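Chemist: Predicted model and sequence below, questions to follow.
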Amino acid sequence: MTSKDVRQRFIDFFAQRGHAVLPSASLVPENDPSALFTTAGVQPLVPYILQGSHPQGNRLASVQKCVRTTDIDDIGDKTHATFFEMLGNWSIGDYFKEEAIQYSWDLLTDKQEGFGLDPARLYVTVYEGSSGVPKDTESAEFWKRAGVPENHIYFLGDDNFWPKPKRDDAYSGPCGSSTEMFYDLVGNLNITSKEEFLKADEKQQVVEIWNDVFMEYKKENGEIVGKLEKQNVDTGSGLERLLAVLQNKDSIYETDVFETLMQEARNISETESDARIIADHLRTATFMIADGVLPSNSDRGYVLRRLLRRAVFHTKGKKLEVRAISTCVGIVVDTYKDTYTELAEKTEIIKQEIEKEVEKFQKTLQKGMHQLEKITGDISGQDAFVLFSSYGFPIEMTEEIAEEKGVSVDREEYDKEFAKHQEKSKTASAGKFKGGLGGHSEQELKYHTATHLLNAALREVLGDHIEQKGSNINPERLRFDFSHPEKMTDEEKERVAELVNKWIIEDHIVSFEEMTPDEAKAQGAIGVFGDKYGDKVKVYSVGTVSKEICGGPHVERAGVLGHFRIKKEEASSAGIRRIKAILS
C-alpha cells in the first residue's frame, strides 16, 4: 500500500462516515501566527473546539502537514522525523469514546475499507487516572467490545493524557485522557502483561500507530479548571510510522516517501544515520520554505537555519554541493507534488533559499575553524558554546574536531552554558503556543480584539501594504508584527493609537459570520487566500472598522477594552516592524 493509497483510504473511510474533509493548513499557524509551527492536526481546530462548532460541521478529518523539533536529537533512528503528516479525525460535541474507538479499530483492522492489520498484533493503552481525572475503565470496556483481549489492554499514567502534564506546564486550552494503539513489529511477541509491554516498547518491538484523545476538560496555565461545554474527540496517526508497518519496513526511512531521497542522501554522507538526518532535514526545509519560512536568527527562521546547518554537518567533508541540493529538493517535490501543489509552484525559490543559506554557513564554518585553531589545550565549555552560538558549530562537530586534535571538550560546562541559553530562549518565547489564541482569559480576549483594531489602524495610517506577520498575547500586553519597510514616526504612532481608542469609545459590536473564502474575499476580509481554507471560514467584524478571517474568540463589544497605548515600536527583522501595546 503506497503513501498515496494510505492517504486516500483514510480520507474515504471517514468521509463515508459523515466527516467533512479539510485541506491541510499551513505549517505556519494561521489561528495563532505567533506559534512557531503546526505540530498536530488539531492545532488549527482548537478555537472551534473551545467554541463548540466548526463551519464544516461537527465531524472532521484531514491529512495535516506538521513539524516538531522537540525530538531533533533522535533524528536518525527508525521512527523520528521533524516533518511528518498527521492523519486525524475529530468530533466536536458529536460522538465520543465508544464510536471513536470503534472507528479506530475498524480503520486499522478492516481489510476492505481499512488497513487490514492483524488484530492479534494490536495492543492498546488507556489512562490510569490522576489529578481529579478518573481511571478510564470506560474506554477499556469499549476496546473489549471492539475485539481487543483484556490482556492486550494496559493502564498507564501521563503518557495517556494530552497534553502531557510535565511537558506542558503552562498550557491553556482543551485537554483530556487518551488511548493509544500499538502494533507488534516482531509478529510473535505474545505480550501478556503490562511489564512485558513496557519492555517491548522500550526495545522498539512495538510502535504507536494511533492515538485517540478524549477532550472534555479545560486547562489554564497547566491546571485543569473544569469541563468543556461539549465532549470532543481528537485522533492522530503519523503517516510515516503507519507506512513502515503497512509496507513491512524496518524504519520510516525505507518507506516510499523517503526511498528515493535516501538513495541520494547516502551518496553525500558517510553513515546511514547521517543519510537519514540529511534526508529528514532537507525534506523539512523544502516544506517550510514552500509555506513562507526563510532562514533567520529568530523563531521559525532559526529552526530552518538550524536544520540546514545540521544537514551540512552530516555530509561528507561538511560540504553540501549545489547539485546535491537541487537533486534532493527535486526528489521531495516529485514525491509530494500531487498532494501538496505548493511545492511544485515554489521549487526554484526553495532551491535558491537553501543554496544561499548553505553557502553562507559553509563560509561561517571556515571562520569557525580558524577560531578553533586559536584555542590551545583542551576546549572549554564556554569556547564550545561560542563556536555554537557565533559560528553555528553543533557540539558534535566541535567534539569530532577536538578528537582529531587529540584534545577534549568540557561537555559538562558546555551543557550548562547551553541550558542557560535554552532558559533564556524559553523565557523569551513563553506563551508562543498560547500566543494569539492559546490563552482565553478575559484580558487575553480583550487583547485579541485590540489586535484586530490595531491592524485596521495601521492599514489606515500606513497603507494597505500592511500585513500581519505574527502576534503574541498574554494577560499583560499584546505584541504585533507587521510588514513595513521603515520605522514609524511619533506622529504615525500617535495617529494609530488615537484611531484605536476612537473605535473603542464608539463601542462597536464584535460579530462573526460563516461564509466561503470567496465570499470573505469579496467582502474585503483580511486573510491569506489560497488552498489553505476549507469550504467555510469565520469572518470576525468589529463594526465597520475591521473584517478579518479568524477562528476567534473575541469580546462582544469594543467598549470593554479600556484605553489603548503603544509602549514600543521596533524592528523585528528585515522589512518587519513590531509593536508592543497595553490596555488600561
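Modeler: That came through, no problem.
Chemist: could you check the distance from residue 538 over to residue 84?
Modeler: Separation of residue 538 from residue 84 (C-beta to C-beta, to the nearest Å): 28 Å. (C-beta placed from N, C-alpha, C; glycine too.)
Chemist: what about residue 182, which helix or strand?
Modeler: For residue 182, the host element (DSSP states H and E) is strand 173-184.
Chemist: Ok, residue 328 next?
Modeler: Counting by DSSP H and E, residue 328 is part of helix 322-336.
Chemist: Show me which residues of that helix are buried.
Modeler: Residues of helix 322-336 classed as buried by neighbour count (16 or more other C-beta atoms under 10 Å): 324, 325, 326, 327, 328, 329, 330, 331, 332, 333, 335, 336.
Chemist: out of those, who's nearest residue 286?
Modeler: residue 332 (4.5 Å; C-beta to C-beta).
Chemist: Just name the shakiest helix or strand of this protein by mean pLDDT.
Modeler: helix 411-428 (a mean of 72; mean pLDDT, DSSP states H and E).
Chemist: which of the residues in the helix or strand just after that one are buried?
Modeler: Counting by DSSP H and E, the next helix or strand C-terminal to helix 411-428 is helix 442-462. Across helix 442-462, burial judged by 16+ other C-beta under 10 Å covers 443-459, 461-462.
Chemist: do stretch 141-156 as well
Modeler: Under 16+ other C-beta under 10 Å, the buried positions of stretch 141-156 are 141, 142, 143, 146, 148, 152, 153, 154, 155, 156.
Chemist: doesn't residue 101 make contact with the third one?
Modeler: Yes - with contact defined as C-beta atoms under 8 Å, residue 143 and residue 101 form a contacting pair (6.0 Å).
Chemist: Quick check: which ranges of the protein have low pLDDT?
Modeler: For the chain, the stretches with pLDDT under 70 are 31-34, 131, 165-170, 422-440, 528-534.
Chemist: at 50 instead, please
Modeler: 167-168, 425-438, 529-531 (pLDDT under 50).
Chemist: so which of the buried residues of stretch 141-156 comes closest to residue 249?
Modeler: The closest of those, once distances to residue 249 are taken by C-beta to C-beta, is residue 152, at 23.8 Å.
Chemist: That closest one: what's its closest spatial neighbour, skipping adjacent residues?
Modeler: Leaving aside its sequence neighbours, residue 152 sits nearest to residue 123 (C-beta to C-beta, 6 or more residues apart in numbering; 4.8 Å).
Chemist: Mind checking what secondary structure the one you found has?
Modeler: strand (DSSP: H, G, I helix; E, B strand; the rest coil).
Chemist: what's the neighbour count on it?
Modeler: As a burial measure, residue 123 scores 22 neighbours (other C-beta atoms under 10 Å).
Chemist: from now on call the first residue 33
Modeler: Right, with 33 as the first residue, what we last looked at is residue 155.
Chemist: so who does it touch?
Modeler: When the contact criterion is C-beta atoms under 8 Å, 6 or more residues apart in numbering, the partners of residue 155 are 184, 185, 186, 213, 214, 215, 216, 223, 229, 238.
Chemist: Distance of the third one relative to residue 554?
Modeler: Summarising the geometry, the distance separating residue 186 from residue 554, computed by C-beta to C-beta, is 54 Å.
Chemist: so who does residue 586 touch?
Modeler: By C-beta under 8 Å, 6+ apart, residue 586 lies in contact with 477, 480, 481, 484, 542, 544, 572.
Chemist: Now the phi/psi pair for the closest residue to residue 91 other than its chain neighbours, please.
Modeler: Nearest residue to residue 91, sequence neighbours excluded (C-beta to C-beta, 6+ apart): residue 51, at 4.3 Å. Backbone torsions of residue 51, given as degrees, to the nearest 10, read phi -100, psi 130.
Chemist: Surely residue 223 and residue 232 touch.
Modeler: Yes - contact status for residue 223 versus residue 232: in contact at 5.9 Å, counting by C-beta under 8 Å.
Chemist: Mutual contacts of the two, please.
Modeler: Counting by C-beta under 8 Å, 6+ apart, the contacts common to residue 223 and residue 232 are 216, 238.
Chemist: Looking at these two, which one has more neighbours?
Modeler: residue 223 (22 against 19).
Chemist: what about stretch 592-608, start to end distance?
Modeler: End-to-end distance for stretch 592-608: 30 Å, by C-alpha to C-alpha, to the nearest Å.
Chemist: Please find the angle between the direction vectors of the lengthiest helix in the chain and helix 354-368.
Modeler: Counting residues, the longest helix found in the chain (DSSP state H) is helix 379-406. Angle, helix 379-406 to helix 354-368, by axes from the mean of the first three to the mean of the last three C-alpha atoms, to 10 degrees: 140 degrees.
Chemist: Show me what helix 379-406 is packed against.
Modeler: helix 304-322, helix 331-345, helix 354-368, helix 413-423, helix 427-437 (3 or more C-beta pairs under 8 Å, 6 or more residues apart in numbering; DSSP states H and E).
Chemist: Generate CSV for these, with distance to residue 192 as supplementary columns.
Modeler: Below are the helices and strands packed on helix 379-406 laid out as CSV (distance: least, C-beta to C-beta, whole Å):
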stretch, distance to residue 192
helix 304-322, 28
helix 331-345, 29
helix 354-368, 33
helix 413-423, 37
helix 427-437, 34
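Chemist: Of those helices, which is nearest residue 391?
Modeler: Evaluated with C-beta to C-beta, these place helix 354-368 nearest to residue 391, the distance being 8.4 Å.
Chemist: Specify the angle between the closest one and helix 331-345 in degrees.
Modeler: Using the same axes, to 10 degrees: helix 354-368 against helix 331-345 is 120 degrees.
Chemist: Output the contacting helices and strands for the helix or strand following helix 354-368.
Modeler: Next helix or strand after helix 354-368 toward the C-terminus (DSSP H and E): helix 373-377. Packing partners of helix 373-377 (3+ C-beta pairs under 8 Å, 6+ apart): helix 304-322, helix 354-368.
Chemist: just how off-centre is helix 373-377 within its chain?
Modeler: Between the centre of helix 373-377 and the centre of its host chain there is 20 Å, according to C-alpha atoms, centre = their mean, to the nearest Å.
Chemist: So what touches that helix?
Modeler: Contacts to helix 373-377, defined as C-beta under 8 Å, 6+ apart, come from residues 318, 319, 322, 323, 364, 365, 368, 369, 382, 563.
Chemist: could I get these as TSV with distance to residue 47?
Modeler: Putting these into TSV (distance: C-beta to C-beta, whole Å) gives the following:
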residue	distance to residue 47
318	29
319	25
322	26
323	25
364	28
365	27
368	21
369	23
382	32
563	18
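Chemist: Can you turn the buried subset of those into a selection I can paste into PyMOL?
Modeler: The command below creates a PyMOL selection of those among the contacts of helix 373-377 that count as buried (16+ other C-beta under 10 Å):
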select buried, resi 318+319+322+323+364+365+368+382
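Chemist: Which of the contacts of helix 373-377 sits closest to residue 265?
Modeler: Nearest to residue 265, judged by C-beta to C-beta, of those is residue 563 at 26.0 Å.
Chemist: Fine by me, thanks again.
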